[in-house]
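Asks: A predicted structure for the sequence below; I have some questions about it.
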Amino acid sequence: MIQDSIFSIHRLSFDENYHPSDRTRLTTNFANLARGESRQENLRNVLRMIDNRFNDLAHWDNANRDRYTLELEIVSVEMDLAFAGKSGSFPLIEVLYTTIVDKNANKRIAGLAGNSFSSYVRDYDFSVLLPAYNKEKAEFSVPHNYGDLQGNLFKSVMNSAAYKQNFKKLPVICLSVSTNRTYHRTENQHPVLGVEYEQREFSLTDQYFKKMGMQVRYFMPCNSAAPLAFYFFDDLLSDYSALELISTISVMESFQKVYRPEIYNANSAAADCYQPSLKHQDYSNTRIVYDREERTQLAISQGHYTDEHFIKPYHDILEKWSASYPA
């Protein structure tokens, strides 16, 4: 039986000395940056980008734009295989946690868990299950229970004692908008999140996160090039402080400038009617080394790893548990 006691949480600092652990998915934002000859320069540059963006958005009482710095931790959630009568554990998800350091007031302020989202099961769903399911189909479709297992595992983690002991608030996850959807600017504007965009049909990623119990809204912060997708529980605008939201924006927009510069480091901002494209040519490159093709291949190999070490060995137990999970 899968109970919340089988989840354990581990935390590791993400700084210029960070090295990925053996159990970290190599397709995560932070692991990608910390590999190769340029690893330390990559890390220094992206951490500088994050701090600069934070101070740009948190500009009040901050005339020199240097009042704040962010500290980041990688939060890893592991699942004890005791539920299947086995020893050991499986690395389930990874997110980031932010701590805001106010240098003027000499104090540390709790930020948010979430930000990035990394999951072996998600790799399996998108890179192994979906391609296999659609191999002989003329028109793309998804299995009827697609995303159910990931969704129920994630909700179980959120309800677990381990999560509640470590974090006071539910996570906010911030990702790129979809390149196969069109977004429309609205009149709604938030003082931190910026201008809200809407779209008429959820993307596959939006639907996937809905299975995890999360809603989505799209906002383009001040001086951003494109809207970001914010996934959250309950009320994004009321449940989090300005500094908490700024911490998420500054971290994830910086990562997206590295990974999707065609969208987030474009030389002109998104139009009122906007469809993101990775074929856009009018953009600037960061000085951070990143191999997007390698990341795609790693997602596939890690999806197969999940299939071999988690999905197939425990399929019957996981399927029965997920099917009985409360809606």
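Replies: That came through, no problem.
Asks: For the residue most central in space within the chain, what are phi and psi?
Replies: By CA atoms, centre = their mean, the chain has its centre lying nearest to residue 116, at 2.4 Å. Dihedral angles of residue 116 (phi, psi; degrees, to the nearest 10) stand at phi -80, psi 160.
Asks: Next: residue 173.
Replies: For residue 173, the backbone dihedrals are phi -110, psi 130 (criterion: degrees, to the nearest 10).
Asks: if I pick it, what's in contact with it?
Replies: Residues in contact with residue 173 (CB atoms under 8 Å, 6 or more residues apart in numbering) are 95, 114, 115, 116, 117, 209, 214, 230, 231, 232. Heads up, the C-betas are built off the backbone N, CA and C, glycines and all.
Asks: want to try a markdown table for those, with pLDDT, secondary structure and distance to residue 62 as columns?
Replies: Formatted as a markdown table, those follow (pLDDT from 0 to 100; DSSP: H, G, I helix; E, B strand; the rest coil; distance: CB to CB, whole Å):
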| residue | pLDDT | secondary structure | distance to residue 62 |
| --- | --- | --- | --- |
| 95 | 93 | strand | 27 |
| 114 | 96 | strand | 25 |
| 115 | 95 | strand | 22 |
| 116 | 92 | strand | 26 |
| 117 | 92 | strand | 29 |
| 209 | 97 | helix | 33 |
| 214 | 98 | coil | 31 |
| 230 | 98 | strand | 24 |
| 231 | 98 | strand | 28 |
| 232 | 98 | strand | 26 |
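Asks: Relative to residue 186, which of those residues is nearest.
Replies: Using CB to CB, residue 230 comes nearest to residue 186 of those, at 14.5 Å.
Asks: how many neighbours does the closest one have?
Replies: 22 (other CB atoms under 10 Å).
Asks: Report the beta-bridge partners for it.
Replies: Under DSSP bridges, the beta-bridge partners of residue 230 are residue 174, residue 217.
Asks: dump the residue contacts of it.
Replies: Contact partners of residue 230, counting by CB under 8 Å, 6+ apart, are 172, 173, 174, 193, 216, 217, 218, 219, 236, 248.
Asks: Now do the contacts for the first one.
Replies: Shown in contact with residue 172 (CB under 8 Å, 6+ apart): 112, 114, 115, 230, 231, 232, 236, 240, 244, 245, 248.
Asks: what's the answer for the last one, then?
Replies: When contacts are counted by CB under 8 Å, 6+ apart, residue 248 touches 98, 111, 112, 114, 115, 172, 174, 230.
Asks: can you do 6 Å?
Replies: 112, 115, 172, 174 (CB atoms under 6 Å, 6 or more residues apart in numbering).
Asks: any idea how far it is from residue 51?
Replies: Separation of residue 248 from residue 51 (CB to CB, to the nearest Å) stands at 14 Å.
Asks: list the buried ones in stretch 73-85?
Replies: When burial is assessed from 16 or more other CB atoms under 10 Å, stretch 73-85 yields the following buried residues: 73, 74, 75, 76, 77, 78, 79, 80, 81, 83, 84.
Asks: next structured bit after the helix or strand of the chain with the lowest mean pLDDT?
Replies: Ranked by mean pLDDT, DSSP states H and E, the weakest helix or strand in the chain is helix 29-33, scoring a mean of 54. Later in the chain than helix 29-33, the nearest helix or strand by DSSP states H and E is helix 39-57.
Asks: Now for the buried residues of stretch 73-85: which two are most distant?
Replies: It's 73 and 84 that sit farthest apart of these, by CB to CB, at 29.5 Å.
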